[in-house]
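Asker: dropping a prediction and its sequence here:
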Amino acid sequence: MRRSYAEITGRGADVVVIGTGDVRYAKAFVAEEEIPFLVLVDDEARAAQAASVRKVNFLTLLGPAAWAETRRAWRDGYRIHKSGKRVTQLGATFVIGPGPTVHFAHHASDSGDAAAVETVLAALPAPR
């Protein structure tokens, strides 16, 4: 989302990330990756539970599919950072609002599964 942040905000939307690490880890992540949007910490997993974000077991995290995704991420120039408190917590992406309406939801099926930026952009209003 960082690479598409200007396009997202240009459509009148914003990005908020909710992570599983602690505040110190989140600050380091924001600084190292030059994250331009708000990063919050969900220590108690309340946001994850409210959004029905899935978890996986450790065998899935250590399996061949996860290693393939890790290699792909490295190849594509992404850094793998220290994991947060809930390493089995998967990710999710939502386009919400205005108001409480959810326009798009993607719940990751594994650690390398992320919503395609093009799909997220398609759920947003046309550029202004």
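Answerer: On my side now, so go ahead. Residues are numbered from 1 along each chain as shown.

Asker: how much space between residue 38 and residue 87?
Answerer: As judged by Cβ to Cβ, to the nearest Å, residue 38 and residue 87 stand 23 Å apart. Yep, even glycine has a C-beta here, placed from its N, CA and C like the rest.

Asker: residue 2 too?
Answerer: 22 Å.

Asker: report the central residue of this protein.
Answerer: Residue closest to the average C-alpha location in the chain (Cα atoms, centre = their mean): residue 91, at 5.4 Å.

Asker: my guess is residue 47 is in a helix, correct?
Answerer: Yes. Secondary structure assignment places residue 47 in a helix (DSSP: H, G, I helix; E, B strand; the rest coil).

Asker: model confidence for it, exactly?
Answerer: Note on residue 47: pLDDT of 91.

Asker: could you do residue 106 as well?
Answerer: For residue 106, the predicted pLDDT is 94.

Asker: ok so it is a strand residue?
Answerer: Yes. Counting by three-state DSSP, residue 106 falls inside a strand.

Asker: was I right to think it contacts residue 93?
Answerer: Yes. Here residue 106 reaches residue 93: they are 4.5 Å apart, a contact under Cβ atoms under 8 Å.

Asker: about what we covered before: any idea how far residue 51 is from the residue nearest to the centre of the chain?
Answerer: For residue 91, the distance to residue 51 - Cβ to Cβ - is 10 Å.

Asker: do the same with residue 108
Answerer: 12 Å.

Asker: overlap of the contact sets of those two?
Answerer: residue 92 (Cβ atoms under 8 Å, 6 or more residues apart in numbering).

Asker: by mean pLDDT, which helix or strand of the protein comes out lowest?
Answerer: Ranking every helix and strand in the chain by mean pLDDT, DSSP states H and E puts helix 58-62 at the bottom, with a mean of 67.

Asker: mind checking pLDDT for residue 82?
Answerer: Note on residue 82: pLDDT of 61.

Asker: okay, now residue 56: neighbour count?
Answerer: 17 (other Cβ atoms under 10 Å).
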